[in-house]
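Trainee: Predicted model, plus sequence, below.
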Amino acid sequence: MGMAFYPISTIVLIVEIGIFAAVLLGVKYAKQLDIEMHHMFVYPAVFLQAIITFFWMFPNAAFYVSDPESPVKDIGLFILAIHRISGLIALLLALYLVVFFLFKRWENSNLKLNRKLMLATYYSWMTAFISGFLFYFSILFEI
Amino acid sequence: MSQRKIQQTEDAIFLYFGILEAYKTVGEELLGEGVVHKQVIPRMGYYIESFLPELQMDNSDLKQMVDTLWNKIDRAIENPGTELQMEMEDAWKLRAVIFGFENAFLEILGDQAIKEYVFNKITDYLVHYLPPEITSQNVDLNQKLEMYLDYLKTNGFIKAGKVKIKQNQVEFSANHCAFAKIHDSPAYRDGKTRYCPWGMIANSILVHHNKAPIESTSTRFTTRGSITYLKMLED
């Protein structure tokens, strides 16, 4: 892990800011009912987030939690717990919604439940983003 | 009710009335006098039951309700400044009448009658109720539709929306509509509502601007709003 971590995690942080900005734009277009633009932002955001989560975050999480050389202390571990739970909820919900709407045309009848799931996804994504941000600094400052 | 809410309700009622007058005029031409009582009222009962289930009205109650609403609005138009004294529930009742008309037209005359006659007629009536900039020939189409969208937002009918013009298609979206509560009703879930009234008005703005009918109109409803697709005839 060592010295390689900080440059890579900084790059990941920057990418996450970009992804979250895409999610916010997706929300904005959803509010305007511009479905085409909404999909244009959220589909790549979810796809990219899934890649980062499965290939970077999951493999590194175990190190921070259980390795004796982990720089993260109690506060950092608490933040990481929030980040993992909210992030997993957000990603699973997002993947469900992406798959659902890729294969099924949206209708008023299927929107009632899915709209609630979209809102849950958005709020858990926001929680994961903020806690991820804080976790980055908890590694940096070893708290 | 606050003054703003009163004004909002009155504005909505006059706009809906423009649509209703168009339907009634065309209905009487194509289906004969008494179209409201013979064809619309039996059908609007379904929508009243769907939107306002607590009312429990039979056909004679509906007839009286429609006549009362119509006379009230007619008097307010003839005597500007007269207070309408109507509430949001009355706006929903008018919506039910609109859908009663829509259903009558679809079942008896078909979709084409609405597109070819009603949408054009709505324009003639709505020019009196919409701000003059929206019907001015000196303003381009995109601007007109944006102004109409702003008008709906400013008056609190919707909270968000978008106008998209792509080639020969216009997408008019209206979200967080003040009347969207009824989108959860059986009439909407069963697909028995065809056109959003805000989309119909956007349609008539387009028809008025182009001075030509459009090829097709359709509305997709969401839980809180609608997207109306207006396909213009190709040049």
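Mentor: Cool, the structure landed. Residues are numbered from 1 along each chain as shown, chains lettered A, B, ... in the order given.
Trainee: low-confidence ranges in chain B?
Mentor: In the predicted model of chain B, residues B:1, B:82, B:235 satisfy pLDDT under 70.
Trainee: Which part of it gets nearest to chain A, residue-wise?
Mentor: Closest residue of chain B to chain A, CB to the nearest CB: residue B:173 (3.5 Å). C-beta coordinates here come from the backbone N, C-alpha and C atoms, glycine included.
Trainee: and that residue, what element?
Mentor: Using DSSP states H and E, residue B:173 falls within strand B:169-175.
Trainee: The next helix or strand after that strand: which residues count as buried?
Mentor: Counting by DSSP H and E, the element after strand B:169-175 in chain order, helix or strand, is helix B:186-189. The neighbour-count check on helix B:186-189 (16 or more other CB atoms under 10 Å in any protein chain shown) flags B:187-189 as buried.
Trainee: What of stretch B:37-46?
Mentor: B:39-41, B:43-46.
Trainee: any chance of those residues in TSV, with distance to residue A:141 and secondary structure too?
Mentor: Below are the buried residues of stretch B:37-46 laid out as TSV (distance: CB to CB, whole Å; DSSP: H, G, I helix; E, B strand; the rest coil):
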residue	distance to residue A:141	secondary structure
B:39	75	helix
B:40	71	helix
B:41	73	helix
B:43	69	helix
B:44	67	helix
B:45	69	helix
B:46	65	helix
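Trainee: Around chain B, which positions in chain A sit nearby?
Mentor: Applying CB under 8 Å from any CB of the partner chain, we find that chain A lies next to chain B at A:31-35, A:106-109, A:111-112, A:115.
Trainee: Where does chain A get nearest to chain B, residue-wise?
Mentor: residue A:33 (3.5 Å).
Trainee: That residue in helix, strand or coil?
Mentor: coil (DSSP: H, G, I helix; E, B strand; the rest coil).
Trainee: what residues are up against it?
Mentor: Residue A:33 sits next to B:160-162, B:173-175, B:222, B:225-227 when contact means CB atoms under 8 Å, 6 or more residues apart in numbering or on different chains.
Trainee: pLDDT score for it?
Mentor: What the model reports for residue A:33 is a pLDDT of 94.
Trainee: Just read off the phi/psi values of it.
Mentor: Backbone torsions for residue A:33, taken as degrees, to the nearest 10, come to phi 60, psi 30.
Trainee: in which helix or strand would I find residue 93?
Mentor: Picking chain A for this. helix A:74-103.
Trainee: Hmm, no, I was thinking of chain B.
Mentor: Going by DSSP H and E, residue B:93 is part of helix B:88-108.
Trainee: So which residues make contact with that helix?
Mentor: B:5, B:9, B:12-13, B:16-17, B:19-20, B:23-24, B:27, B:31, B:35, B:39-41, B:43-48, B:50-52, B:65-66, B:69, B:113-114, B:118, B:178-179, B:182, B:187, B:192-195, B:197.
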